[in-house]
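[1] Can you look at this prediction? I've put the sequence above it.
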Amino acid sequence: MRGAGHRSAAAPSERRRSGDPARTAALAVLRAVDDGAYANLEMPKVLRRHDLSGRDAAFATELALGTIRRQGLYDRVIEVGAGRAPADIDPIVLDILRLGVHQLLSLRVPTHAATSETVALAREHSGAGASGFVNAVLRRAGERDRDTWIADLTRGVENADDVRAIATSHPAWVVSALRQALRGHEAAGGEGQASLDDALDALLAADNEAPRVALVARPGLADVDELVEAGAELSDLSPIAATLPFGDPANIPAVRETRAAVQDEGSQLLAIALAEAPVEPAKPVETNDDAAGESTTPIDDSATQAEDVENEASESDEQTAGASASTTTGEQWLDMCAGPGGKAAVLGSIAHLRGHVLFCNESSEHRTELVRRTLRALLDDGAEIYVGTGDGRELGSEEPATYDRVLLDAPCTGLGAMRRRPESRWRRRPFDVAELATLQVELLNSALDATRPGGIVGYATCSPHPAETLAVIGEVLGARDDVVQEDAWPYFLDAYDEPIERIGTLPSVQLWPHVHGTDAMFFALLRKTR
Ligand SMILES: C[S@@+](CC[C@H](N)C(=O)[O-])C[C@H]1O[C@@H](n2cnc3c(N)ncnc32)[C@H](O)[C@@H]1O
């Protein structure tokens, strides 16, 4: 009879006939991402489908998301090992190889297990021929550790940022954009700060780390103590956050009931900042009886309000109209690009506590539906929130000078959220920046037109790219004489009510993954003067 020792001497391809569940799940995520899915949305679905939890789920997640993050480096290793370009390898076999290389170079999976399990996956999904090929490539890949591969692959590359791009698995244009961003927001080189090169290295490294799971306790619906009792830890950064060291957030009742949710602390901070910045009192406006006065909806109107709100929201998809449901008693807040509703939920919670009204607009029907789902607990609680679908660029002319506070969390490249959206670095193209900047300027002008004199607009992006942040603000301010930019710093306070440090160049705010542990969120505060 053969003992264990004999079995381990056998070729990996002779051991297992099919992939194990965690690796099979990780492969399913990679395949879905190849077909256009977002990894962070696909991952939980795949884990549920494969009935994975605990350590298996954590391993599958690290395998899939870590592989996607470092895919640029792994493809270079695979090219050497296979003797052909990744584009010439069957896509499913390429994904299997990427998973194998990730285990060999970045995880503490023993070489024999990484190889044999990956070969088994190849046999199951692509047949015996592919499994031999995978075995051969992984043997080459496993001959060196990651640092040695990087040294070999970058030998002769002269430009230091090209070396960084290979070593940290970022497209070269992204490395250069992040360098520009750090420089533009004065996030390096100043007194007591790291050099620009060191800051760039820290930022690129942070992009490759799995972000901590931050939860938000939506004000008035949940509080952080409830999350701590469920296993989370208090956040130092956001007064409404707790971080979850392990476990599935979906198992927390407050999360299941949408009273709490997973949300980056940076997103929480900027929604709070918009809610905290003062608006100037509105000047009395002459209205005729047919205008806002007659169609007002008192804030505390009736117990069946939530139902009414939901009905009204679904009936008025095309209008988003503030004017049609305006109120004279509270402020009117607008979230102009609300999908899927994370910041709207924080804003809506605060507005609800203070007796204000929130209007949520989103251009995509599907994402409008996500906003409604995100806001479910608030709507059930009777919050006066209206949700509709429309192009934010039209709101300024459709509803001029209507809102007291407007959040424009603009569509952007997402270059500041690459930890969370691992595939985005491979999907974005340099020309996206200019296209999005044009849209951002149009949306910001519309947001300002929709804001009443004395009211404020918070312009936010989850990209630090200067073209999407400082340049957008500069272009809009340069073309208008009815807007001023105000200092946003006083509204960025941590969980101890202390000013958050190293937040960019006055008067705007720029958060960073390597400094604050948040996405690289940008926020500028603009006031309508007349
Ligand atoms: C950065 S996301 C907003 C994230 C959201 N604030 C949250 O915290 O969940 C930008 C959103 O703007 C939407 N969008 C894109 N173009 C738009 C437009 N012209 N008008 C309104 N929304 C738009 C996108 O569909 C996307 O949902």
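    The structure has been received and is ready for your questions.
[2] roughly how far apart are the residue positioned nearest the centre of the chain and the ligand?
    Nearest to the geometric centre of the chain sits A417, at 4.8 Å (CA atoms, centre = their mean). To the ligand, A417 is 9 Å away according to CB to the nearest ligand atom, to the nearest Å. Using the backbone N, CA and C atoms, a C-beta is placed for each residue, glycine as well.
[3] ok so that residue is a helix residue?
    No. Counting by DSSP: H, G, I helix; E, B strand; the rest coil, A417 is not part of a helix but coil.
[4] buried ones in the longest strand along the chain?
    Assignment by DSSP state E gives strand 451-461 as the longest strand of the chain. The neighbour-count check on strand 451-461 (16 or more other CB atoms under 10 Å) flags 451-452, 454-461 as buried.
[5] now swap in stretch 378-386 and tell me
    Buried, per 16+ other CB under 10 Å, within stretch 378-386: 378-379, 381-386.
[6] what about stretch 354-370, how long is it end to end?
    24 Å (CA to CA, to the nearest Å).
[7] Which elements pack onto the helix or strand hosting E117?
    Using DSSP states H and E, E117 falls within helix 111-126. Secondary-structure packing of helix 111-126 (3 or more CB pairs under 8 Å, 6 or more residues apart in numbering; DSSP states H and E): helix 21-34, helix 91-105, helix 128-141.
[8] 6 Å instead?
    helix 91-105, helix 128-141 (3 or more CB pairs under 6 Å, 6 or more residues apart in numbering; DSSP states H and E).
[9] low pLDDT regions in this structure?
    1-19, 284-329 (pLDDT under 70).
[10] for it, longest helix please?
    Ranked by number of residues, the top helix in the chain under DSSP state H is helix 430-449.
[11] hmm, back to that, for the helix holding E117, list the C-alpha coordinates in CSV.
    Extracted in CSV, the C-alpha atoms of helix 111-126 (Å, rounded to 0.1, in the frame of the first residue of the first chain):
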residue,chain,number,x,y,z
THR,A,111,4.6,25.5,-3.8
HIS,A,112,3.4,21.9,-4.2
ALA,A,113,-0.1,22.8,-3.1
ALA,A,114,-0.3,25.9,-5.2
THR,A,115,0.8,23.9,-8.3
SER,A,116,-1.3,20.7,-7.8
GLU,A,117,-4.5,22.6,-6.9
THR,A,118,-4.1,24.9,-9.9
VAL,A,119,-3.3,22.0,-12.2
ALA,A,120,-6.5,20.2,-10.9
LEU,A,121,-8.5,23.4,-11.7
ALA,A,122,-7.1,23.4,-15.2
ARG,A,123,-7.9,19.8,-15.8
GLU,A,124,-11.4,20.3,-14.6
HIS,A,125,-12.1,23.4,-16.7
SER,A,126,-9.9,23.0,-19.7
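[12] mind checking how far that helix is from the chain centre?
    32 Å (CA atoms, centre = their mean, to the nearest Å).
[13] cool, and stretch 245-254?
    19 Å.
[14] go on, stretch 228-244?
    That offset, for stretch 228-244, works out to 19 Å (CA atoms, centre = their mean).
[15] neighbouring contacts of it?
    212-217, 224, 227, 247, 252, 265, 268-269, 494-495 (CB atoms under 6 Å, 6 or more residues apart in numbering).
[16] now, which of these lie within strands?
    Short answer: the contacts of stretch 228-244 in strands (DSSP E) are 213-217.
[17] Which secondary structure state does R84 sit in?
    coil.
[18] count of neighbours near it?
    Counted by other CB atoms under 10 Å, the residues lying close to R84 total 11.
[19] swap in D152?
    D152: 12 neighbours (other CB under 10 Å).
[20] which secondary structure element contains it?
    D152 is part of helix 146-154 when elements are defined by DSSP H and E.
[21] May I see the buried residues of that helix?
    146, 149-150, 153-154.
[22] which helices and strands sit right next to it?
    Packed next to helix 146-154, using 3+ CB pairs under 6 Å, 6+ apart, are helix 160-168.
[23] how distant is the helix it packs on from the center of its chain?
    Using CA atoms, centre = their mean, the offset of helix 160-168 from its chain centre is 24 Å.
[24] Sort out which residues of the helix or strand following that helix are buried, please.
    Downstream of helix 160-168, the next assigned helix or strand under DSSP H and E is helix 172-184. Neighbour-count burial for helix 172-184, counted by 16+ other CB under 10 Å, picks out 173-179, 181-182, 184.
[25] what's the spacing between the following helix or strand past helix 172-184 and its chain's center?
    On the C-terminal side of helix 172-184, the closest following helix or strand by DSSP H and E is helix 196-207. Put simply, helix 196-207 sits 19 Å off its chain's centre (CA atoms, centre = their mean).
[26] likewise stretch 216-236?
    Worked out by CA atoms, centre = their mean, stretch 216-236 lies 20 Å from the chain centre.
[27] closest point of the stretch 101-250 of the chain to the ligand, which residue?
    Ranked by CB to the nearest ligand atom, the top residue of the stretch 101-250 of the chain for proximity to the ligand is V216, at 10.6 Å.
[28] What residues does the protein have near the ligand?
    Within the chain, the positions adjacent to the ligand are 267, 337-343, 361-364, 367, 391-393, 409, 411 by CB under 6 Å from any ligand atom.
[29] and the longest strand of the chain, how far from the chain's centre?
    22 Å.
[30] So which residues make contact with whichever helix or strand comes after it?
    Using DSSP H and E, the helix or strand that follows strand 451-461 in sequence is helix 470-479. By CB under 6 Å, 6+ apart, the surrounding residues in contact with helix 470-479 are 184, 440-441, 444, 524.
[31] can you pull the buried residues of the helix or strand just after helix 470-479?
    Later in the chain than helix 470-479, the nearest helix or strand by DSSP H and E is strand 483-486. For strand 483-486, burial by neighbour count (16+ other CB under 10 Å) applies to 483, 485-486.
[32] domain parsing for this protein?
    4-147, 156-207, 264-281+303-528 (automatic domain parsing).
[33] returning to what we had before: list the buried residues in the helix holding E117.
    Buried residues in helix 111-126 (16+ other CB under 10 Å): 114-126.
[34] A520: what's it in contact with?
    Counted by CB under 6 Å, 6+ apart, A520 has contacts 416, 464, 512-513.
[35] at 10 Å what do you get?
    Contact analysis of A520 by CB atoms under 10 Å, 6 or more residues apart in numbering lists 178, 181-182, 185, 187, 203, 206-207, 266, 414-419, 461-465, 469, 510-514.
[36] Using neighbour counts, trim those residues to the buried set.
    178, 181-182, 185, 187, 203, 206-207, 266, 414-419, 461-465, 469, 510-514.
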